[in-house]
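**Student:** quick check, what structure comes out for this input:
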Amino acid sequence: MPAKPRSDSLNGLLRIAFAATTWGLIPVFVRLVHTNAVVIVFWRVGFAAITVSIILASRGKLGRFFELPKKRKWAIIAMGALLSVNWMLYLGALQLTKVAIAVLIAYCGPVFVAVLTPLISREPFDRRLILPLVLAIAGVATIVNPQDLALESGTHLLGAAMALGSAVTYSLLILNSKRLIQDIPATVYTFGEYLGALTLLLPVVLLSKGPSAPVEWGSLMVLGVFMTSATGLVFLSGLRKVRADHAAVLTYAEPVSAVVFSAIFLNEPITLVTGIGAALVVAGGAIVARMEPQQGIEAPGLVPEVIPEEI
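**Tutor:** Predicted coordinates:
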């Protein structure tokens, strides 16, 4: 069976890179919300769920998710619960340990994707990813500029463990999303995913203090509608077209864009060292983008040639 067309693969990678770059804006809006991580995640998912529901309702397909086979429905709902856990682990890690430690460990997620791909997706390990992964990780390490990575307390150790949990759950999300979304629209998938996330978070949110200021609600709306729903649909439509491990490497664009957006909106200067780190990440992404689909590597049989409704 021939490999997928080069243009199809490149289109998918560009969508993923766009989504990951846009996610770099997330810290800018999170800074404007003064509440705990669970509440932020809940309302982020809540606004995203409303957006997806409106899209499905406008197409007369709001009940499409509930028509899926029972096993598929529960699997997608489970991914929603895992998504909320992933976000809470990462935000919690940032609160409990040094930012450098949290970022470096959490961004080992794409490495786990590459390692687990042969086990979960039944696709052969792509050795071509070793160099771009090394470049991307080195770039992130340079960007966060860790001067002291020592774990100075039990709290720091707990934060590091949460960051590791974030990396592992990230890899499971990418690999399982790739498998579950193949023959259903991204809007239907995300509807079920958000349903699972909201169900898990609701009991905690009911007992927590929520946002109150208009700027907080506005930030949460942007996080949900644009940073979660819109970019999530773009990411998933791209994930259909490429291997999960290739997609994961492109998500290293997020910490690079986060640095740029922080400089623009939060007045956090970009140093020469940061620029070098960003160049390393971009180089890794460029290598992946230039990879030609190969027989036996792209596993074309796993991806339908025609998707009746991508989003």
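
**Student:** what's the span of stretch 61-75, first residue to last?
**Tutor:** Taking C-alpha to C-alpha, to the nearest Å, stretch 61-75 runs 20 Å from one end to the other.

**Student:** least confident secondary structure element in this protein?
**Tutor:** The helix or strand of the chain with the poorest confidence is helix 99-106; it has a mean of 76 (mean pLDDT, DSSP states H and E).

**Student:** got the CA coordinates for the helix or strand following that helix in CSV?
**Tutor:** Taking DSSP states H and E as the definition, the helix or strand that follows helix 99-106 towards the C-terminus is helix 109-120. These are the backbone C-alpha positions of helix 109-120, laid out as CSV (Å, rounded to 0.1, in the frame of the first residue of the first chain):
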residue,chain,number,x,y,z
GLY,A,109,5.6,14.2,26.7
PRO,A,110,6.6,13.9,23.0
VAL,A,111,9.4,11.6,23.9
PHE,A,112,6.9,9.3,25.6
VAL,A,113,4.7,9.5,22.5
ALA,A,114,7.6,8.4,20.3
VAL,A,115,8.5,5.5,22.7
LEU,A,116,4.9,4.3,23.1
THR,A,117,3.8,4.6,19.5
PRO,A,118,5.0,1.1,18.6
LEU,A,119,3.1,-0.3,21.6
ILE,A,120,-0.2,1.5,21.4
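
**Student:** now helix 109-120: buried residues?
**Tutor:** Residues of helix 109-120 classed as buried under the neighbour-count rule (16 or more other C-beta atoms under 10 Å) are Gly109, Pro110, Val111, Phe112, Val113, Ala114, Leu116, Thr117, Ile120. C-betas here are computed from N, CA, C, even on glycine.

**Student:** excluding chain neighbours, what is closest to the fifth one?
**Tutor:** The reference is to Val113. Closest residue to Val113 in three dimensions, ignoring its sequence neighbours and counting by C-beta to C-beta, 6 or more residues apart in numbering: Ala248, at 3.9 Å.

**Student:** and for the host helix or strand of the one you found, what's in contact with it?
**Tutor:** When secondary structure is defined by DSSP H and E, Ala248 falls within helix 244-250. Counting by C-beta atoms under 8 Å, 6 or more residues apart in numbering, the neighbours of helix 244-250 from elsewhere in the structure are 12-13, 16-17, 20, 109-110, 113-114, 117, 121, 126, 129, 132-133, 136, 171, 174-175, 178, 235, 238-239, 284-285, 288-289, 291.

**Student:** nearest to Trp217, of the buried residues of helix 109-120?
**Tutor:** When those are compared for distance to Trp217 (C-beta to C-beta), Gly109 wins out at 30.2 Å.

**Student:** measure the closest one to Val225 for me?
**Tutor:** For Gly109, the distance to Val225 (C-beta to C-beta, to the nearest Å) stands at 25 Å.

**Student:** still on that earlier bit, by pLDDT, give me the weakest of the buried residues of helix 109-120.
**Tutor:** Among the buried residues of helix 109-120, Ile120 carries the lowest pLDDT, at 80.

**Student:** okay but that one is in contact with Leu173, surely?
**Tutor:** No - between Ile120 and Leu173 no contact is recorded; they are 11.4 Å apart, counting by C-beta atoms under 8 Å.

**Student:** thinking again about what came up before, filter the contacts of helix 244-250 down to the buried ones, PyMOL style.
**Tutor:** Buried residues among the contacts of helix 244-250 (16+ other C-beta under 10 Å), as a PyMOL selection:
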select buried, resi 12+13+16+17+20+109+110+113+114+117+121+126+129+132+133+136+171+174+175+178+235+238+239+284+285+288+289+291
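
**Student:** in helices, which of the contacts of helix 244-250 fall?
**Tutor:** When helices are assigned by DSSP state H, the members of the contacts of helix 244-250 inside them are 12-13, 16-17, 20, 109-110, 113-114, 117, 132-133, 136, 171, 174-175, 178, 235, 238-239, 284-285, 288-289.

**Student:** returning to what we had before: for the least confident helix or strand of the chain, packing partners?
**Tutor:** Contacting helix 99-106 under the criterion 3 or more C-beta pairs under 8 Å, 6 or more residues apart in numbering; DSSP states H and E are the following elements: helix 70-96, helix 130-144, helix 154-180.

**Student:** could you pull out the strands for the stretch 201-311 of the chain?
**Tutor:** Residue ranges of strands cannot be listed for the stretch 201-311 of the chain, since DSSP state E, counting those that start in this stretch assigns none.

**Student:** quick one: the helices in it, in order.
**Tutor:** Counting by DSSP state H, counting those that start in this stretch, one finds helices in the stretch 201-311 of the chain at the ranges 214-224, 231-239, 244-250, 253-265, 272-289.

**Student:** now the ones you listed in JSON lines, with distance to Ile55 and mean pLDDT?
**Tutor:** Shown next, in JSON lines, are the helices of the stretch 201-311 of the chain (distance: least, C-beta to C-beta, whole Å; pLDDT from 0 to 100):
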{"stretch": "helix 214-224", "distance to Ile55": "13", "mean pLDDT": "95"}
{"stretch": "helix 231-239", "distance to Ile55": "8", "mean pLDDT": "94"}
{"stretch": "helix 244-250", "distance to Ile55": "23", "mean pLDDT": "88"}
{"stretch": "helix 253-265", "distance to Ile55": "24", "mean pLDDT": "84"}
{"stretch": "helix 272-289", "distance to Ile55": "29", "mean pLDDT": "84"}
